[in-house]
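A.B. asks: sequence? don't have it. structure:
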């Protein structure tokens, strides 16, 4: 029986097959995400992977349904697996924001689902690090969040030579659009043309822009000038104070596709341009109000960083550790008469936080030693009698004989 | 907008409302599960939360569908959110077992879903620690797995006065049934009567047992005698060698409801009998063969431990820590001229693994200190000028002034 298309199995390393993913690498990534977020004072939250369909259509319009993993449940409810975390966050914040001091700084590591038209090998889910900062309009909040993106990537060993944050602003584009006489009703259409500028043909962009009273030349001149607004200037200064200026580039080509962004937007890319965006985010000051039906009005901003592109990048840069050596100690049981005392030792070493393996059933000593080698344990330990044990350091091959109660002291 | 019934939101502590769950407590539980499993040499795996419906009906029959959170997807596939992990595990093992040495020792922490008839407050999902040992028939494997259950619960501070493992055996019941002349065709029906013995009325059990040629008296006598089989005896001796004998009770009332168990079965209960089972498991030697369509035949056993009952028990025994003090340091910015140097300090302290908070925007010093107090930070730090900082220990109220580069050295 096969797993469903576009979903992933995660196996322990070394991996049995190129078709599957590493559970160890996944946990390594989650741990870095979690520890970095906590250092920044972000607290963890989570919601259900299933939500009412309406939560997502309220935010993104009915057209989103074509991309959702959605269903009718047995109670006749229209529901969907979550395609993104922000609507759930907005729902949760709206429900209980009074109990939390502002700004609220929260993060989550949800699994997200999209049911797009089947393409071979195309994933229908990924895990995403989401961090959001709610209840602060000052650009200092944008700087804090962008610093978190940068330090999260640095926690994996990536440097300013590996990635860049392309920083932009919908406000800057709004000013450009209004100064050029653009009508408010077509503003989002204009943003969408900008969003597609890198991928669309110049002719196509020209035609579309002309219909709104603009030209590719004028748009490109604005992008090339790349003059930061006062707001972006403030963010740049804040990040410079932290020593993070070299990670940032003002790049007005970035505008983000989603309708709900209201101010600063940004994306993290590898410098070589080999991969899709590593992370992306921005301000969405109206969303909490929208989701709460007008009851709660809080400024907000956030970002998402997926596990798939990040893992590709880390592998390409040689920054993923191997996880094929998780055991510390192998307890060899050569004499079955010493099994019970060996079991006690196994138990005591585990209680002392060592990862310990041993033969469940009688086996020849050389077979046991081979297994110890395969497991790449740091030490083999064998009871010589009911009072003494021999410890062998697998790397140095040093051996020491010690009283059975003192084994743990020799394992470092 | 409300979340779907039976699903949970997880908030940071302190909790805003009795209606929601603690994301911090969840992570605390996951961490203990994960570290204990690793000490025992279990490796992490995971599968998708969605599987083909057939995976579950193959294992448990068509009647299981009534309890599943199942759907038809847009591709016309019958699919289901996973109600348990074992079928996914069997599928994954069957696909790639050749690449792993036996016995395979794997664990996972999946979220599991059941769509049962709506009862007020009844959950439709939970998280479950699953550990399985595959490819070993010897009772030493059963002992290893049961030791893991015990040490997992002990990792939370629970002792043998708090919980007991009720150890039983389908083989023992099989022997009893066959010795009493029971027909093979009705064996599972007999097991189900035993499973319900504690909850059903004596009259009902008597009638049902009589139809199979047995009596409540004979069954109760067998249970009361509680004579361990040679297999159980071997498990008891193994656990005694580890110093874990006092956690175990032979209890033939336990037989586990599911059809696929084939040998030893067990459940963990709180000694006071206040809660439902904390964990349960057993041998399922035929399941991998069944799921793989006969291609892979491996003996197996495993257990599941849910987060909900465990959390109830830990709370009742006063064993859940509070998670309302996650920050180490608050950097006070009294003079805005020192904001940039303060930001640098915030950044450096975070880089040194401290969890650091600071005022995003200008605020009065007493308001900042109040916030530091609310966050229960261990230290407040404030730049006196661009060269010196004053560090205050929140507990001892000791203050020290030091050069700005040496702050981290004073925070312990």
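C.D. replies: That came in fine, so what should we check first? Just so we're clear, the structure is a prediction, and the values are computed from it rather than from any experiment. Numbers count the residues shown, from 1 in each chain, chains lettered A, B, ... in the order given.

A.B. asks: what are the buried residues along stretch A:25-36?
C.D. replies: Using 16 or more other CB atoms under 10 Å in any protein chain shown as the test for burial, stretch A:25-36 gives A:25-26, A:28-29, A:32-34, A:36. Glycine gets a C-beta too; all of them are placed from N, C-alpha and C.

A.B. asks: rebuild these as JSON lines, extending it with distance to chain B.
C.D. replies: Formatted as JSON lines, the buried residues of stretch A:25-36 follow (distance: CB to the nearest CB, whole Å):
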{"residue": "A:25", "distance to chain B": "11"}
{"residue": "A:26", "distance to chain B": "7"}
{"residue": "A:28", "distance to chain B": "11"}
{"residue": "A:29", "distance to chain B": "13"}
{"residue": "A:32", "distance to chain B": "12"}
{"residue": "A:33", "distance to chain B": "12"}
{"residue": "A:34", "distance to chain B": "8"}
{"residue": "A:36", "distance to chain B": "8"}
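
A.B. asks: so which of those are in helices?
C.D. replies: Using DSSP state H, A:25-26, A:28-29, A:32-34, A:36 are the members of those that sit in helices.

A.B. asks: going by distance to residue B:117, which of the residues you listed wins?
C.D. replies: For these, the closest approach to residue B:117 (CB to CB) belongs to residue A:26, at 35.4 Å.

A.B. asks: look up how far residue A:111 lies from the closest one.
C.D. replies: For residue A:26, the distance to residue A:111 (CB to CB, to the nearest Å) stands at 10 Å.

A.B. asks: any shared contact partners between these two?
C.D. replies: residue A:127 (CB atoms under 8 Å, 6 or more residues apart in numbering or on different chains).

A.B. asks: now the residue sitting nearest the centre point of chain A: phi and psi?
C.D. replies: Centroid check for chain A by CA atoms, centre = their mean gives residue A:129 as the closest residue, at 3.3 Å. With angles defined as degrees, to the nearest 10, residue A:129 sits at phi -80, psi 120.

A.B. asks: equivalent analysis for residue A:98, please.
C.D. replies: Dihedral angles for residue A:98 - degrees, to the nearest 10 - are phi -60, psi -20.

A.B. asks: and the residue nearest to it when sequence neighbours are not counted, which of the three is it?
C.D. replies: Once flanking residues are discounted, residue A:98 sits nearest to residue B:16: 7.6 Å by CB to CB, 6 or more residues apart in numbering or on different chains. The assignment at residue B:16 comes out as coil when based on DSSP: H, G, I helix; E, B strand; the rest coil.

A.B. asks: is it true that residue B:16 touches residue A:101?
C.D. replies: No. At 11.6 Å, residue B:16 does not count as touching residue A:101 under the criterion of CB atoms under 8 Å.

A.B. asks: who's more crowded, the two?
C.D. replies: Remark: of residue B:16 and residue A:101, residue B:16 carries more neighbours, 17 against 11, as counted by other CB atoms under 10 Å in any protein chain shown.

A.B. asks: measure that one to residue A:89 for me?
C.D. replies: Distance, residue B:16 to residue A:89, by CB to CB: 14 Å.

A.B. asks: got a list of what residue A:304 touches?
C.D. replies: Contacts here follow CB under 8 Å, 6+ apart; on that basis residue A:304 touches A:84-85, A:128-130, A:279-281.

A.B. asks: one more time with 6 Å, if that's ok
C.D. replies: By CB atoms under 6 Å, 6 or more residues apart in numbering or on different chains, residue A:304 lies in contact with A:128, A:130.

A.B. asks: that one bridge partners, please.
C.D. replies: For residue A:304, the beta-bridge partners under DSSP bridges are residue A:130, residue A:280.

A.B. asks: thinking again about what came up before, could you double-check that the residue nearest to the centre of chain A lies in contact with residue A:307?
C.D. replies: No. Contact criterion CB atoms under 6 Å: residue A:129 and residue A:307 do not qualify, at 7.9 Å.

A.B. asks: host element of residue A:390?
C.D. replies: Here residue A:390, judged by DSSP states H and E, is contained in strand A:388-393.

A.B. asks: partners of that strand in the sheet?
C.D. replies: Applying DSSP bridges to the sheet, strand A:388-393 is found paired with strand A:379-383 (antiparallel), strand A:399-403 (antiparallel).

A.B. asks: show me where the stretch 201-350 of chain A has its strands.
C.D. replies: Per DSSP state E, counting those that start in this stretch, the stretch 201-350 of chain A carries strands over the ranges A:248-250, A:264-270, A:279-283, A:300-306, A:329-332.

A.B. asks: turn these into a markdown table, columns for mean pLDDT.
C.D. replies: Shown next, in a markdown table, are those (pLDDT from 0 to 100):
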| stretch | mean pLDDT |
| --- | --- |
| strand A:248-250 | 98 |
| strand A:264-270 | 97 |
| strand A:279-283 | 97 |
| strand A:300-306 | 98 |
| strand A:329-332 | 98 |
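
A.B. asks: could you save those as JSON lines and add columns showing distance to residue A:387?
C.D. replies: Below are the strands of the stretch 201-350 of chain A laid out as JSON lines (distance: least, CB to CB, whole Å):
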{"stretch": "strand A:248-250", "distance to residue A:387": "64"}
{"stretch": "strand A:264-270", "distance to residue A:387": "59"}
{"stretch": "strand A:279-283", "distance to residue A:387": "58"}
{"stretch": "strand A:300-306", "distance to residue A:387": "55"}
{"stretch": "strand A:329-332", "distance to residue A:387": "16"}
